[in-house]
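In: What would the 3D arrangement of this be:
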Amino acid sequence: MAYLRDADGQVGRSYAAKTTPHLYVVSPDGLVVYQGAIDSIRSADTKDIAKAKNYVAAALDAVKAGKPVEDASTQPYGCAVKY
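Out: As a prediction, the model looks like this:
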């Protein structure tokens, strides 16, 4: 796993990030293959995690298997990014 600290917002702006979190999966060849929410349930309740579809995990699994990402784009949710 890797993350990027984007203190000046340059990378966030280039990807058009709208919320925190706004997640992206980039394929080994540098293509954005997923962008959006982490999962399908807009909730901070830990009990909802097991019921939610994890879009990021599904995208990573598809990339590893050499398959297209089923849900390539979803609506991100969270706090608005303030650049």
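In: Can you get me a residue count around Glu70?
Out: When neighbours are counted by other Cβ atoms under 10 Å, Glu70 registers 12. For the C-beta atoms, the positions are set from N, CA and C on the backbone; glycine is no exception.
In: which ones are touching it?
Out: Listed by Cβ atoms under 8 Å, 6 or more residues apart in numbering, the contact set of Glu70 reads Ala58, Ala62.
In: Check the gap between it and Gly78 for me.
Out: 22 Å (Cβ to Cβ, to the nearest Å).
In: Over to Tyr55?
Out: Per Cβ to Cβ, Tyr55 is found 14 Å from Gly78.
In: repeat for Pro21
Out: Distance from Pro21 to Gly78, counting by Cβ to Cβ: 6 Å.
In: contact partners of the lengthiest helix in the chain?
Out: For the chain, the helix that runs over the most residues, judged by DSSP state H, is helix 55-65. With Cβ under 8 Å, 6+ apart as the test, helix 55-65 has contacts from 23, 25, 27-28, 33-34, 36-40, 68-72, 74.
In: center of this protein - which residue?
Out: What sits nearest the mean C-alpha location of the chain, by Cα atoms, centre = their mean, is Leu23, with 2.1 Å.
In: Quick check: it vs Ile38, distance?
Out: Leu23 is 5 Å from Ile38, by Cβ to Cβ.
In: picking that back up, what subset of the contacts of helix 55-65 is buried?
Out: For the contacts of helix 55-65, a burial check counting by 16 or more other Cβ atoms under 10 Å picks out Leu23, Val25, Val33, Tyr34, Gly36, Ala37, Ile38, Asp39, Val69, Thr74.
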